[in-house]
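Chemist: how would this look folded up:
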Amino acid sequence: MRITFITNYMTPHQRPFCEAMYALIKEDFHFISTTIMENERKDMGWSSDIKDLPYASFYDDDYDVSESYVMDCDALICGGTHSMYISKRLEAGKLTFRYYERLYKKGRMQAYLSGSFFKNKKEHGAVKHLPVYLLCAGAYVASDFDLIGAYKGKMLRYGYFPEFIKKDPGKIMEHKDNEVPEILWSGRQLDWKHPGAAVFVAEHLKEKGIPFHMTIVGDGECRENIGLAVEEKNLHEYVTLKGFEKSSDIRERMDHADIYLMTSDMQEGWGAVVNEAMNAGCAVVASHEAGSVPYLIEHGINGLVYRSGNLQELSLYVAKLCNDKRLRRRLGLAAYETIRSEWNAEAAAGRFVRLCEKLCSEGMNDGRMLSQIEGIEKTGPLSAAPVIKTSEGYDHVRSRV
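Modeler: Reported below is the predicted structural model:
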């Protein structure tokens with residue numbers, strides 16, 4: 001089973017999947033990068049160096065070899081790169097998986113206002129009878145592609161898979177034995193990530209006399225205003241502000257945090273910090289609009305989900321967790337189990353290889369819908385992706401409970 005993954009460049013959240021694929025099928029897996037990584041990503045600590053990886057290469061380094069990897073493999077994953085790299089494969093009707101975040105991160109009206117509706121419909125709607133499937137990197141991806149009439153019945157739950165760090169469930173909470181609950185917010189301080197929501201929560205907890213400490217980590221356009229708000233609201237004894245930190249340092253903070261806040265709106269295609277915080281056993285309180293949330297979190301089971309923008313609801317959930325140590329530990333341990341058992345790179349790679357083997361070995365590589373394929377996963381990666389509009393995500397996470 002030969003599988004190639006071609007995309008613009010390898011991200012830290014894709015590399016664990018690639019490592020897992022290589023561990024499974026060895027030299028039959030290959031990764032191809034088509035684009036030089038932007039300086040902004042490099043400044044964030046992302047590495048663009050793939051030359052030492054035995055399974056990776058850059059497309060332009062050897063055009064003929066790259067074309068061979070793309071055309072002659074049994075299955076191709078195509079991520080964020082121009083369709084020109086896979087046009088010949090699509091024309092040949094070979095098994096292909098498109099890997100996308102949502103098309104319209106600023107709302108479905110963007111499809112019409114941006115003029116992209118017909119362009120996307122032409123590109124993706126033309127493959128409906130071919131063996132081409134969509135890997136949905138976010139719970140709202142299926143809805144965006146459904147809007148343009150593409151991949152109906154052929155969309156699969158997927159996402160990003162940061163490194164899974166195995167822990168002893170009996171010892172996860174030993175690191176979280178804080179005198180007062182520790183709350184963490186981390187990320188680029190951009191308007192659509194809403195770091196100000198964390199300050200609102202801190203003010204609410206202070207007013208209610210609830211003991212806590214909060215750390216806000218990251219740089220960005222909102223950082224100055226966040227600092228001013230902390231001072232104006234006299235929160236400096238409760239809130240610690242930190243600048244940019246490496247992912248490894250933030251994950252260490254997660255190990256010691258009781259509660260993690262994910263406050264992004266619909267512009268957050270996935271939000272890998274949710275995976276990481278769950279892996280660390282944090283009780284996550286998350287906005288329903290972040291793409292990973294309806295896939296990863298079951299409200300009240302392994303985390304809490306608030307309606308995006310409803311800061312009163314967010315604050316009430318955080319206050320509840322601060323006042324209930326048993327609840328936050330129950331949610332945190334269930335969160336860890338979700339990542340350990342299902343939402344990790346090894347599980348995703350194994351499921352992907354098994355699906356490809358089924359499609360190829362049983363003569364089903366004819367573009368049939370998922371409902372016509374026996375043995376499709378019921379939950380987690382490589383299960384059928386439901387069509388969920390952003391406006392429906394809040395109710396969706398509750399309907400599963």
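Chemist: tell me which helix or strand of the chain sits lowest on mean pLDDT?
Modeler: Sorted by mean pLDDT, DSSP states H and E, the helices and strands of the chain end with helix 39-43, the least confident at a mean of 65.
Chemist: check which element follows it along the chain.
Modeler: strand 56-58 (DSSP states H and E).
Chemist: pull the CA atoms of the helix or strand just after that next one into PDB?
Modeler: Next along the chain after strand 56-58, taking DSSP H and E as the criterion, comes helix 63-72. Presented in PDB, the C-alpha positions along helix 63-72 are these (Å, rounded to 0.1, in the frame of the first residue of the first chain):
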ATOM      1  CA  TYR A  63      10.300  17.000 -10.600                       C
ATOM      2  CA  ASP A  64      10.100  13.500 -12.200                       C
ATOM      3  CA  VAL A  65      10.400  11.600  -8.900                       C
ATOM      4  CA  SER A  66       7.800  13.800  -7.300                       C
ATOM      5  CA  GLU A  67       5.400  13.200 -10.200                       C
ATOM      6  CA  SER A  68       6.000   9.500  -9.800                       C
ATOM      7  CA  TYR A  69       5.100   9.700  -6.100                       C
ATOM      8  CA  VAL A  70       1.900  11.600  -6.900                       C
ATOM      9  CA  MET A  71       0.700   9.500  -9.800                       C
ATOM     10  CA  ASP A  72       1.800   6.000  -9.000                       C
END
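Chemist: per-residue confidence at Thr11?
Modeler: Reading off the confidence values, Thr11 has pLDDT 88.
Chemist: which stretches of this structure form strands?
Modeler: Secondary structure of the chain (DSSP state E): strands located at 3-7, 29-33, 56-58, 75-78, 96-100, 132-136, 155-157, 182-186, 213-217, 239-242, 259-262, 283-287, 304-306.
Chemist: ok, which of these comes nearest Asp144?
Modeler: Checking those against Asp144 by CB to CB gives strand 96-100 as the closest, at 8.4 Å. All C-beta atoms are positioned from the backbone trio N, CA, C, and that covers glycine.
Chemist: could I get the contacting residues of the residue nearest to the spatial centre of the chain?
Modeler: In the chain, the centroid-proximal residue (CA atoms, centre = their mean) is Trp270; its distance is 3.4 Å. Residues in contact with Trp270 (CB atoms under 8 Å, 6 or more residues apart in numbering) are His13, Glu101, Ala137, Gly138, Gly159, Tyr160, Ala290, Gly291, Ser292.
Chemist: of all those, which comes closest to Ser248?
Modeler: Of these, the one sitting nearest to Ser248 (CB to CB) turns out to be His13, at 14.0 Å.
Chemist: ok, for the closest one, nearest residue in space, not its chain neighbours?
Modeler: Tyr160 (3.7 Å; CB to CB, 6 or more residues apart in numbering).
Chemist: wait, doesn't the one you found sit right on Arg15?
Modeler: No. With contacts counted by CB atoms under 8 Å, Tyr160 stays clear of Arg15, the gap being 10.3 Å.
Chemist: who's more crowded, these two?
Modeler: Tyr160 (24 against 20; other CB atoms under 10 Å).
Chemist: how about the more buried one, what does it touch?
Modeler: Thr11, His13, Gln14, Ala137, Trp270, Ala272, Asn275, Ser292.
Chemist: quick check: phi and psi at it.
Modeler: When read as degrees, to the nearest 10, the backbone of Tyr160 gives phi -120, psi 150.
Chemist: separation between it and Glu268?
Modeler: Note on Tyr160: its distance to Glu268, by CB to CB, to the nearest Å, is 12 Å.
Chemist: what is in contact with the two at once?
Modeler: Contacts common to Tyr160 and Glu268, judged by CB under 8 Å, 6+ apart, are Ser292.
Chemist: okay, the residue nearest to His13: pLDDT?
Modeler: With respect to pLDDT, Tyr160 scores 97.
Chemist: state the mean pLDDT of stretch 211-227.
Modeler: Mean predicted lDDT for stretch 211-227 stands at 97.
Chemist: and that stretch, C-alpha only, in PDB?
Modeler: Output of stretch 211-227 as PDB, limited to C-alpha atoms (Å, rounded to 0.1, in the frame of the first residue of the first chain):
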ATOM      1  CA  PRO A 211      -9.900  32.100  44.400                       C
ATOM      2  CA  PHE A 212      -7.900  31.500  41.200                       C
ATOM      3  CA  HIS A 213      -4.800  32.400  39.300                       C
ATOM      4  CA  MET A 214      -4.700  32.900  35.500                       C
ATOM      5  CA  THR A 215      -1.800  33.000  33.100                       C
ATOM      6  CA  ILE A 216      -2.200  34.500  29.600                       C
ATOM      7  CA  VAL A 217       0.600  33.600  27.200                       C
ATOM      8  CA  GLY A 218       1.300  35.000  23.700                       C
ATOM      9  CA  ASP A 219       2.100  38.000  21.600                       C
ATOM     10  CA  GLY A 220       0.000  39.800  19.000                       C
ATOM     11  CA  GLU A 221      -2.000  42.900  18.100                       C
ATOM     12  CA  CYS A 222      -4.200  42.600  21.200                       C
ATOM     13  CA  ARG A 223      -1.500  42.200  23.800                       C
ATOM     14  CA  GLU A 224      -1.100  45.900  24.700                       C
ATOM     15  CA  ASN A 225      -4.800  46.300  25.300                       C
ATOM     16  CA  ILE A 226      -4.900  43.100  27.300                       C
ATOM     17  CA  GLY A 227      -2.200  44.500  29.600                       C
END
